[in-house]
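Trainee: can't give you the sequence, but here's the structure:
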């Protein structure tokens, strides 16, 4: 987990003048990286966590929506994935279960339990239930990239997982106990190291976002891409190409703040669809597109 590796590796990068990237996707790791901004500027080093699926598409979508509605003050982001699960992802999820996360409200990070809120989101194939995921790094990155003061993050998860997320913070002694951790570690060791080739080929990822202004104007969009681990490989490779081309900006950055909202469109087979919606901003009714616009850019690697 990046909470163990980020600090010593950033120390090493600042000392040696090496640009730092990682694949982290949770709030604490980004707070750790952001706190090193002044040191990184002085060292001429770019510190850019979140080089994978966990941040790149959501960060780009947030900036794109803010570009469409520059005076937006509220942002909601959600994602849905289809594919296998790696041991690393499972370890991070189970580690976070008993922890209270955060939401961003009027510029402040306030405590929030996992799965405390649910709503229906249409990623393009009909409405499905998503639940608050208060550990998402977007609560840091989207605020940094857009300046939007109120942000909520959601994930589409199976009902049993949503149930565990709701129960665990209420029973921290049980879910933080040594027997529970031992049982979960034994379970994780039985998992495959990562998705199979078939799962990678058949998988998909869908990201949804919506912004709103105080007077009720809204804008929404989705991004559709490959299986998340494949997405991560592509985004990491893309960011490395930018850095090796001399396009590294010293200091702490998010992917979109460094390379713009259209960074994700430099990848193959990515669709970004702008949606006109006709609902109130309460997160309850299904989203029904009135019209959509598809932007797609294909580029060989």
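Mentor: Good, I have the coordinates. What you see is a predicted model, and the numbers here were worked out from it, not measured in a lab.

Trainee: Show me the shaky parts of this protein.
Mentor: The model of the chain has pLDDT under 70 over residues 84-90, 92-98, 160, 162, 277-301.

Trainee: one more time with 90, if that's ok
Mentor: Where the chain drops to pLDDT under 90, the residues are 1-4, 54, 81-101, 113-116, 125, 135, 157-203, 276-301.

Trainee: any chance you could map the strands in it?
Mentor: Remark: strands assigned in the chain by DSSP state E are 20-21, 46-48, 74-82, 101-105, 108-112, 118-122, 127-132, 150-155, 204-212, 218-226, 251-252, 270-275, 292-297.

Trainee: got those strands as CSV, with mean neighbour count and distance to residue 11 columns?
Mentor: Placement of C-beta: from N, CA and C, glycine included. As requested, the strands of the chain are exported to CSV (neighbours: other Cβ atoms under 10 Å; distance: least, Cβ to Cβ, whole Å):
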stretch, mean neighbour count, distance to residue 11
strand 20-21, 20, 10
strand 46-48, 25, 11
strand 74-82, 23, 31
strand 101-105, 20, 26
strand 108-112, 14, 25
strand 118-122, 18, 40
strand 127-132, 19, 33
strand 150-155, 23, 29
strand 204-212, 24, 33
strand 218-226, 22, 33
strand 251-252, 24, 15
strand 270-275, 19, 35
strand 292-297, 12, 38
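
Trainee: among the ones you listed, which is nearest residue 198?
Mentor: Closest approach to residue 198 among the strands of the chain (Cβ to Cβ): strand 74-82, 12.3 Å.

Trainee: That closest one: partners in the sheet, and parallel or antiparallel?
Mentor: Strand 74-82 sits in its sheet next to strand 150-155 (parallel), strand 204-212 (antiparallel), going by DSSP bridges.

Trainee: export those strands to CSV and tack on distance to residue 43?
Mentor: Below are these laid out as CSV (distance: least, Cβ to Cβ, whole Å):
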stretch, distance to residue 43
strand 150-155, 30
strand 204-212, 33
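
Trainee: Out of those strands, which gets nearest to residue 246?
Mentor: Closest of the strands paired with strand 74-82 to residue 246 is strand 204-212, at 29.6 Å (criterion: Cβ to Cβ).

Trainee: Please compute how far the lengthiest helix in the chain lies from its chain's middle.
Mentor: With secondary structure taken from DSSP state H, the chain has its longest helix at helix 228-244. Chain-centre distance of helix 228-244: 15 Å, with Cα atoms, centre = their mean, to the nearest Å.

Trainee: on contacts alone, who are the packing partners of it?
Mentor: Other helices and strands packing on helix 228-244, by 3 or more Cβ pairs under 8 Å, 6 or more residues apart in numbering; DSSP states H and E, are strand 20-21, helix 56-68, helix 255-259.

Trainee: Just name the most buried of those.
Mentor: helix 56-68 (a mean of 26; mean count of other Cβ atoms under 10 Å).

Trainee: what angle separates that helix from strand 270-275?
Mentor: 40 degrees (axes from the mean of the first three to the mean of the last three Cα atoms, to 10 degrees).

Trainee: Check the offset of helix 56-68 from the chain's centre.
Mentor: 11 Å.

Trainee: Please apply the same query to stretch 239-246.
Mentor: Counting by Cα atoms, centre = their mean, stretch 239-246 comes out at 22 Å from the chain centroid.

Trainee: buried residues in it?
Mentor: Within stretch 239-246, the residues scored as buried using 16 or more other Cβ atoms under 10 Å are 239, 242-243.

Trainee: sorry, back to before: and the strands of the chain: which comes nearest residue 168?
Mentor: Here strand 101-105 is closest among the strands of the chain (Cβ to Cβ), at 11.2 Å.

Trainee: Just give me the neighbour total for the residue lying closest to residue 258 once chain neighbours are set aside.
Mentor: For residue 258, ignoring the flanking residues on the chain, the nearest one in space by Cβ to Cβ, 6 or more residues apart in numbering is residue 249 at 5.6 Å. Neighbours of residue 249 under the rule other Cβ atoms under 10 Å: 16.

Trainee: ok, so what distance separates residue 249 from residue 77?
Mentor: 24 Å (Cβ to Cβ, to the nearest Å).

Trainee: Over to residue 28?
Mentor: For residue 28, the distance to residue 77 equals 18 Å [Cβ to Cβ].
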